[in-house]
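Student: Quick check, what structure comes out for this input:
(one chain, ligands or ions: 2)
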Amino acid sequence: PIPQRVQLIDVGPRDGLQNEKQPVPAAVKIELVHRLQAAGLTEIEITSFVSPKWVPQMADNGEVMAGIQRQSGVRYSVLTPNLQGFEAALQTRPDEIVVFGAASEAFSLKNINCSIAESIERFAPVVQAALAAGIAVRGAMSCTVGCPYEGDVAPERVAYLAGLMKQIGVQRVDVADTIGVGTPLKVQKAIQATQQHFGVDHICGHFHDTYGQALSNTLAALQMGVWNFQSSVAGLGGCPYAKGATGNVATEDVVYLLHGMGIETGIDLDKLIDAGAFISDFLGRPSGSRVAKAILNK
Ligand code: HMG
Ligand code: MG
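Tutor: Ligands and ions are numbered 1, 2, ... in the order given. You can find the predicted model right below:
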C-alpha cells in the first residue's frame, strides 16, 4: 500500500551546494536552511565534515552549523567519513550523522579514497561513537544502480553493502542513484536487495535526476512502501566525484507529486518555492524544479 505520509529530507545545503562552482557564503547557506525549515522541512542535511582539500565548498561546515537557529522538531544531519570528521561534527551537535559508502569499488576509491571493506572499518568506530553520544546514524549507499566508472551495479552488491552497514550498527540507509541512471524496476531491485537487511521504514530513496527518471523512481519506491526520501530544493547539486551527474530530484517536484496523490508531507509548497527562488537567485540561474518554474511563470 502507498504510504499516507512521507518524510522528506532536504539535502540541498549539502548535496546541492557541495558541487557548486561559485563560492556560497555561510550566511547564504544559513538563510537557505532557515527558509527550508520555515517551509515545513523537518529534516535537513546541512553540511559535510570532509577534507576541505577534497570538497572546498563544505569547508565552512562548523560556521554553518553554528549559525543555524534551530527549530524544535527539526533534525539536522551532517556527513562524517571518518573519526576526524566525526569529532569535528560532534562539536556542532548534529541530530544525525551520515557515513557514506558505495556499492561499487571504483566509486568508493574515487569518492573516499578507500575500498568498500576499508570504508566499513573506518565507519565502525564512527557509528559506535555516535550511538554512544545519542546521535542517530544513517548510511548513504552510493551507486546502487549504476556507477560512473563501473557501469551497471548488481543488486547483490547493494545487498552486500547494506549487510555491512547493518553489521556496524547503522540505523537506516539511503539507497542512492548517484548518477541518475536508474529506472523504476532497477531501483526497485536495489531497494529489494537493501530489504534483506533493513526494513522499509529504515530505507530512504535518494535519486539524482540526471536522466529525468527521479520522479518515476520515487513513485516506484513509494509503491514498495518506502516513505523517506531525500531531495534537493530547486534541484540543486551533484557529486564532485560523479562527473556530469546533476542534482537530486527537486523537493518542489516531489512535494507536488505527493500532494497530488493525497500524501501528506507537512510542507508548504509556496514557501518551499520561495526558498528555492532565494538560492536560485543567489546562484544566478533558473531553478531546476519544473514545478517551481511552472508556478512562478503562471
Ligand atoms: P584521505 O586523503 O584518504 O584521508 O581522504 P587521510 O586520512 O589520509 O588524511 C589526509 C588529509 O586529509 C589530512 O590532512 C587529514 O587531516 C585530512 P593533511 O595532513 O594532508 O593536511 N582529513 C580531513 N580533514 C577534514 N575532515 C576530515 C578529514 N579526514 C582527513 N574528515 C577523505 C579521505 C574521506 C577525508 C576524503 O576522501 C574526502 O574528504 N572525501 C570527500 C568525499 C565527499 O565529500 N564526497 C561527496 C559527498 S558523498 C555524495 O555526494 C554521495 C551521496 O549524496 C549519495 C549519492 O548520491 O550517491 C551521499
Ligand atoms: Mg547524492
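Student: name the element Tyr76 belongs to?
Tutor: Using DSSP states H and E, Tyr76 maps to strand 75-79.
Student: Buried residues in that strand, which are they?
Tutor: By neighbour count on 16 or more other C-beta atoms under 10 Å, the buried set for strand 75-79 is 75-79. Every residue, glycine included, has its C-beta placed from N, CA and C.
Student: a markdown table please, covering those residues and showing pLDDT and distance to Pro125.
Tutor: Listed next are those as a markdown table, based on pLDDT from 0 to 100; distance: C-beta to C-beta, whole Å:
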| residue | pLDDT | distance to Pro125 |
| --- | --- | --- |
| Arg75 | 98 | 23 |
| Tyr76 | 98 | 22 |
| Ser77 | 99 | 19 |
| Val78 | 99 | 17 |
| Leu79 | 98 | 16 |
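Student: restrict those to those near ligand 1?
Tutor: Taking C-beta under 6 Å from any ligand atom as the test, ligand 1 is in contact with Leu79 out of those.
Student: In JSON lines: the buried residues of strand 75-79, plus distance to Thr265.
Tutor: Shown next, in JSON lines, are the buried residues of strand 75-79 (distance: C-beta to C-beta, whole Å):
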{"residue": "Arg75", "distance to Thr265": "15"}
{"residue": "Tyr76", "distance to Thr265": "18"}
{"residue": "Ser77", "distance to Thr265": "18"}
{"residue": "Val78", "distance to Thr265": "23"}
{"residue": "Leu79", "distance to Thr265": "24"}
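Student: Nearest to Leu109 among the buried residues of strand 75-79?
Tutor: Closest approach to Leu109 among those (C-beta to C-beta): Leu79, at 17.7 Å.
Student: how about that closest one, what does it touch?
Tutor: Residues in contact with Leu79 (C-beta atoms under 8 Å, 6 or more residues apart in numbering) are 14, 45, 47-50, 85, 97-100, 140.
Student: one more time with 7 Å, if that's ok
Tutor: Residues in contact with Leu79 (C-beta atoms under 7 Å, 6 or more residues apart in numbering) are 14, 48-50, 98, 100.
Student: just curious, which of these is nearest to ligand 1?
Tutor: Closest approach between those and ligand 1, by C-beta to the nearest ligand atom: Val50, at 3.4 Å.
Student: Next one: the closest residue to Leu269 other than its chain neighbours from Ala294, what distance?
Tutor: Closest residue in space to Leu269, ignoring its immediate chain neighbours: Val255 at 5.3 Å, by C-beta to C-beta, 6 or more residues apart in numbering. Distance of Val255 to Ala294, given as C-beta to C-beta, to the nearest Å: 13 Å.
Student: If you count surrounding residues, which of those two has more?
Tutor: Between Val255 and Ala294, counting by other C-beta atoms under 10 Å, Val255 is the more crowded of the two (26 against 12).
Student: Dump the host helix or strand of the more buried one to CSV, restricted to CA.
Tutor: Element membership for Val255 (DSSP H and E) is helix 251-260. Taking C-alpha atoms only, helix 251-260 is exported to CSV below (Å, rounded to 0.1, in the frame of the first residue of the first chain):
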residue,chain,number,x,y,z
THR,A,251,12.0,18.9,-3.5
GLU,A,252,9.3,21.1,-5.0
ASP,A,253,8.6,18.5,-7.7
VAL,A,254,8.4,15.6,-5.2
VAL,A,255,6.0,17.7,-3.0
TYR,A,256,3.8,18.4,-5.9
LEU,A,257,3.7,14.7,-6.8
LEU,A,258,2.9,13.6,-3.3
HIS,A,259,0.3,16.3,-2.6
GLY,A,260,-1.3,15.5,-5.9
